[in-house]
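1. Provided below are the primary sequence and the corresponding predicted coordinates.
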Amino acid sequence: MTENEIRAVLSGIKYPGFDRDIVSLGFVRRVAIAGDQIAIDLEITSSAPEIAQTLRSDIAKAFAAIGRKNIALNILQPSPPKETSSRGRNLAPNIKRFVMISSGKGGVGKSTTAVNLAIAAAMQGKRVGLLDADIYGPNAPRMLGLENERLNSRGDKVIPPEAYGIKVMSMGMILEPSQALIWRGPMIIKTIEQFFNDVAWGDLDILFMDMPPGTGDAQLSLAQATPVSAGVVVTTPQTVALDDARRAIDMFIKMRIPIAGVIENMSGFICPCCNKEYDIFGKGGSKALAQECGAKILAEIPIEPAIREGGDSGKPIVFHNPSSETAKRYLKASDRLLSFLENAEGSNADIQPTTR
Ligand SMILES: Nc1ncnc2c1ncn2[C@@H]1O[C@H](COP(=O)(O)OP(=O)(O)OP(=O)(O)O)[C@@H](O)[C@H]1O
Ligand SMILES: [Mg+2]
């Protein structure tokens, strides 16, 4: 076998828990061939023994399938993280806490949740930023009425615009609204790093990170760039959505991100005429899911036209109608999240930066 053929086999091996292969992630350090012996050095970012174990078995299987058994596989792992709050890389040391808002599938309300939770935390006295990390479909600017905002800079850093007491940065502010983004992994990683290196965030208590749907490059890059203190999973109550939400939970567990809780969005509909509650997608299905991973339900947010209208017109409900039932639920969820962050001993993210 040639080195290229060996690399081709390795590029079929996914990094456990992610949709990326170990070659494109840059984890294959060396490939050598001596007689019928193949030597492979991997350098991975997780110290978890089960990750190395899974890779060993996947690689052995892939080579066995083409009749190759003599594989000397050497996996280099970072030393296990210490149980302290300061571990891992932090590209933005002025930011105290990072909260990642994720979901297994699209359109369940991550951005709506991120925007309203961020504003709620600001209303509760925290210094808050929102990073729209959905570089494929950024919509935080519209939801915050910032879609026509022009960016200013100070020195070589971009100043994040502010709305409703939060600092906001989004790919949507850099790109034309319709500009399609067809980017590959390494560019996403680079872009995400720029969001920290080139943005004057200043001192923040919390940076909320609104993620693209699923579990991919953006999640992995952010967990490498920052010590994520808490993950929030957004789901709708249908069983199929809950199945997807489980994947988001698995991702947090694999990245050692403590799960602050689950937001069940579009949970029932409160009729504006009679106040009767209708369970359109069912309701409460997330409880079992949360219990499974020892997390809390942070809030059940009903389907409400005002939420959608507020999102479309840049007038988030938590700010514009703080006495509504929905706003109260967001504020309560923010309370719960803030106490989780206070009690959490920093980050458990054990994915260390790779040398790129
Ligand atoms: N509880 C709700 N009631 C009514 N409309 C809602 C609710 N939550 C979200 N929406 C609306 O549903 C749509 C999708 O929500 P949102 O953009 O927040 O989802 P998302 O998970 O961020 O989507 P994507 O995966 O595309 O990033 C938006 O138009 C939003 O206004
Ligand atoms: Mg979104």
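-> Okay, I see it. Ligands and ions are numbered 1, 2, ... in the order given.

2. And for whichever residue of the chain sits closest to ligand 2, the neighbour number?
-> Nearest residue of the chain to ligand 2: residue 111, at 3.3 Å (CB to the ion). Every residue, glycine included, has its C-beta placed from N, CA and C. A count of neighbours around residue 111, defined by other CB atoms under 10 Å, yields 26.

3. Give the full set of residues in contact with the closest residue to residue 202 other than its chain neighbours.
-> Nearest residue to residue 202 in three dimensions, chain neighbours excluded: residue 94, at 6.3 Å (CB to CB, 6 or more residues apart in numbering). By CB atoms under 8 Å, 6 or more residues apart in numbering, residue 94 lies in contact with 201, 202, 203, 204.

4. coming back round to it: for the residue of the chain closest to ligand 2, helix, strand, or coil?
-> Here residue 111 is recorded as helix under DSSP: H, G, I helix; E, B strand; the rest coil.

5. Repeat that for residue 215.
-> coil.

6. Wait, it touches residue 249, no?
-> No - at 10.2 Å, residue 215 does not count as touching residue 249 under the criterion of CB atoms under 8 Å.

7. in the chain, which spans are helices?
-> 3-10, 49-64, 110-123, 140-143, 185-197, 217-225, 239-254, 286-292, 305-313, 317-320, 325-343 (DSSP state H).

8. Tabulate those helices (JSON lines), appending mean pLDDT.
-> Below are those laid out as JSON lines (pLDDT from 0 to 100):
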{"stretch": "helix 3-10", "mean pLDDT": "95"}
{"stretch": "helix 49-64", "mean pLDDT": "92"}
{"stretch": "helix 110-123", "mean pLDDT": "96"}
{"stretch": "helix 140-143", "mean pLDDT": "92"}
{"stretch": "helix 185-197", "mean pLDDT": "75"}
{"stretch": "helix 217-225", "mean pLDDT": "79"}
{"stretch": "helix 239-254", "mean pLDDT": "84"}
{"stretch": "helix 286-292", "mean pLDDT": "84"}
{"stretch": "helix 305-313", "mean pLDDT": "93"}
{"stretch": "helix 317-320", "mean pLDDT": "95"}
{"stretch": "helix 325-343", "mean pLDDT": "94"}
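
9. which one of the ones you listed lies closest to residue 298?
-> helix 325-343 (4.0 Å; CB to CB).

10. And for that closest one, what's in contact with it?
-> Helix 325-343 is contacted by residues 97, 99, 116-117, 120-121, 123-124, 126, 206, 229-230, 232, 258, 260-261, 263, 270, 296, 298-302, 304, 306-307, 317-318, 321-322 when judged by CB under 8 Å, 6+ apart.

11. if you set the cut-off to 7 Å instead, what comes out?
-> With contact meaning CB atoms under 7 Å, 6 or more residues apart in numbering, helix 325-343 is reached by 97, 99, 116-117, 120-121, 124, 206, 229-230, 232, 260-261, 263, 270, 296, 298-302, 304, 307, 317-318, 321.

12. before we move on, the earlier item: what's the most buried one of the helices of the chain?
-> Greatest average neighbour count among those goes to helix 110-123 (a mean of 27), per mean count of other CB atoms under 10 Å.

13. Can you tell me which residues in the stretch 51-200 of the chain are near ligand 1?
-> Within the stretch 51-200 of the chain, the positions lying close to ligand 1 (CB under 6 Å from any ligand atom) are 103, 106, 107, 108, 109, 110, 111, 112, 134, 137, 139.

14. if we go to 8 Å?
-> With the criterion set to CB under 8 Å from any ligand atom, the stretch 51-200 of the chain comes near ligand 1 through 103, 105-115, 134, 137, 139, 143.

15. any idea which of these is closest to residue 173?
-> Nearest to residue 173 among those is residue 139, at 11.5 Å by CB to CB.

16. can you pull the contacts of the closest one?
-> Counting by CB under 7 Å, 6+ apart, residue 139 touches 111, 172.

17. Kindly report the same for the one 3 residues further on.
-> Residue 142 makes contact with residue 314 under the criterion CB under 7 Å, 6+ apart.

18. Let's see that with 8 Å instead.
-> With contacts defined as CB under 8 Å, 6+ apart, residue 142 is in contact with 172, 311, 312, 314.

19. For residue 321, which non-adjacent residue is spatially closest?
-> Nearest residue to residue 321, sequence neighbours excluded (CB to CB, 6+ apart): residue 327, at 5.7 Å.

20. before we move on, back to that, would you mind listing the two of the contacts of residue 142 that lie farthest apart?
-> Across the contacts of residue 142 (CB to CB), the longest gap, 14.5 Å, separates 172 and 312.

21. Just the buried ones from the contacts of helix 325-343?
-> Neighbour-count burial (16 or more other CB atoms under 10 Å) is assigned, among these, to 97, 99, 116-117, 120-121, 206, 229-230, 232, 260-261, 263, 296, 298-302, 304, 307, 317-318, 321.

22. out of those residues, which are inside strands?
-> Under the assignment DSSP state E, the buried ones among the contacts of helix 325-343 contribute 97, 99, 206, 230, 232, 260-261, 263, 296, 298-302 to strands.

23. for the stretch 1-150 of the chain, what are the low-confidence residue spans?
-> Applying pLDDT under 70 to the stretch 1-150 of the chain flags the ranges 47, 78-89.

24. Around ligand 2, which positions in it sit nearby?
-> Contact residues (CB under 5 Å from the ion) of the stretch 1-150 of the chain with ligand 2: 110, 111, 134.
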